[in-house]
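Visitor: Below is the sequence, then the predicted model.
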Amino acid sequence: MSRRALMRKLEDFENPRIVPLGQNLFGASFFLMKLLPARFMLERAVERGQLRPGGTICESSSGTFGLALAMLAVQHGYRLVLVSDWALDRHLHRRLVELGAEVTIVETPAPVGGLQQARLDRLAAYLRDVPRSYWPSQYDNPDNPLSYAKVAGQFIDRIGHLDCLVGPVGSGGSMSGSSRYLRTLFPDLYAIGVDTPNSVLFGQPSGRLNLSGLGGNIVPGNVDHSQFDEVHWLTPAEVFTATHELHRKHGLFMGPTSGAAYRVARWWARANPGKNVVALFPDEGNRYVETVYDPDWLQHVAGWGDPLRKDPVTVDTPQTPMPGWSRFVWKRRTLDEVLAHAPQ
């Protein structure tokens, strides 16, 4: 069996279930969405000679991309070194170790870029010291968004015409890649990115992030800001509430980034009857049983149990403080263009 065939053994797990959630609302529910870009990046690395049999993969991850790499590495005989931080769920940590990954935890944030930069600094040391090591670089590798052409094709086959795509933004690959390819058929597709306050991805001042998989303290190269028509920011309490609603109303046991996409997509679908909207649900909720789905844990979340905004508040600049659900009309501009026109 060829190495390409071996790399595709997990391909069936990459495809989303397309779940109708209303007359014009669909959820793209993934078992583990990051399997798709991880597999595609490793395949391309093998083709280029960057990753050789028995080689070492080194990556920075505290979430599902690391899990995807671990699943692929154990199948194909690679050593995997992951650099993570406090946000790594203890059950996921245990699973990564069970799969053979070597996990190192960074405790101290870098002066600029926070824990994300500190992880990258530690990663650079591994890449320097480990022979035959390969860095997938999910945040900047163009193969990440390129891989989502497959997902875009599945949406077209299953749903037909799409008017709007909504998804959480972390590395930038899924939303930037999917919207780019969908627009080859639907140039008027409306793309909405979902972020969280204190994330620099769309211009918020950098601060502590409390949502795994959403936002960041560094702007990845794969976030193509010119793909976005609109951006929404949700607080953790708003995201977790929507995650529970997605489970209780539709039986979809998903992670918090899925809840974030659901809340925004449901709002857009109601405001635009007759237009089809798809929300990206990146992963299932199993690793959040002791956090997002634990009533005792939720009591310590800021704003939990308080009245939440039913609709977003439109802001004049993405740099404004955002105590609750907020939106900004991005108009497919670059980050520099948006910030240059922000009110002073």
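Guide: Thanks, I have the structure now. Residues are numbered from 1 along each chain as shown.
Visitor: Provide a list of residue ranges in the stretch 1-150 of the chain with pLDDT below threshold.
Guide: Within the stretch 1-150 of the chain, the ranges that satisfy pLDDT under 70 run 1-10.
Visitor: Now the residue minimising distance to the centre of the chain. Nearest residue, chain neighbours left out?
Guide: When CA atoms, centre = their mean is applied to the chain, the residue found nearest the centroid is Gly170 (4.2 Å). Spatial nearest neighbour of Gly170, chain neighbours left out: Gly213 (5.2 Å); criterion: CB to CB, 6 or more residues apart in numbering. All C-beta spots, glycine's among them, are computed from the backbone N, C-alpha and C.
Visitor: residues in contact with the one you found?
Guide: Going by CB atoms under 8 Å, 6 or more residues apart in numbering, Gly213 touches Gly63, Thr64, Pro168, Gly170, Gly255, Pro256, Thr257, Pro282, Asp283.
Visitor: same thing but 6 Å
Guide: Gly63, Gly170, Thr257 (CB atoms under 6 Å, 6 or more residues apart in numbering).
Visitor: Got the phi and psi for the first one?
Guide: Think Gly63. The phi and psi values for Gly63, taken as degrees, to the nearest 10, are phi -140, psi -140.
Visitor: any idea how far the residue nearest to it when sequence neighbours are not counted is from Ser61?
Guide: Leaving aside its chain neighbours, Gly63 sits nearest to Gly213 (4.9 Å; criterion: CB to CB, 6+ apart). Distance of Gly213 to Ser61, given as CB to CB, to the nearest Å: 10 Å.
Visitor: cool, Gly100 as well?
Guide: For Gly100, the distance to Ser61 - CB to CB - is 15 Å.
Visitor: Those two: who's more crowded?
Guide: Each of Gly100 and Ser61 has its neighbours counted (other CB atoms under 10 Å); Ser61 has more, 27 against 12.
Visitor: contacting residues for that one?
Guide: Leu82.
Visitor: which residues in the protein form strands?
Guide: Along the chain, counting by DSSP state E, strands occupy 17-20, 25-29, 56-60, 79-84, 102-105, 133-134, 164-168, 190-195, 230-233, 277-281, 313-314, 326-329.
Visitor: could you dump the ones you listed to a markdown table with distance to Leu72 and mean neighbour count?
Guide: Below are these laid out as a markdown table (distance: least, CB to CB, whole Å; neighbours: other CB atoms under 10 Å):
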| stretch | distance to Leu72 | mean neighbour count |
| --- | --- | --- |
| strand 17-20 | 21 | 13 |
| strand 25-29 | 21 | 24 |
| strand 56-60 | 9 | 25 |
| strand 79-84 | 9 | 22 |
| strand 102-105 | 15 | 16 |
| strand 133-134 | 12 | 20 |
| strand 164-168 | 23 | 28 |
| strand 190-195 | 27 | 25 |
| strand 230-233 | 32 | 26 |
| strand 277-281 | 21 | 28 |
| strand 313-314 | 42 | 12 |
| strand 326-329 | 37 | 20 |
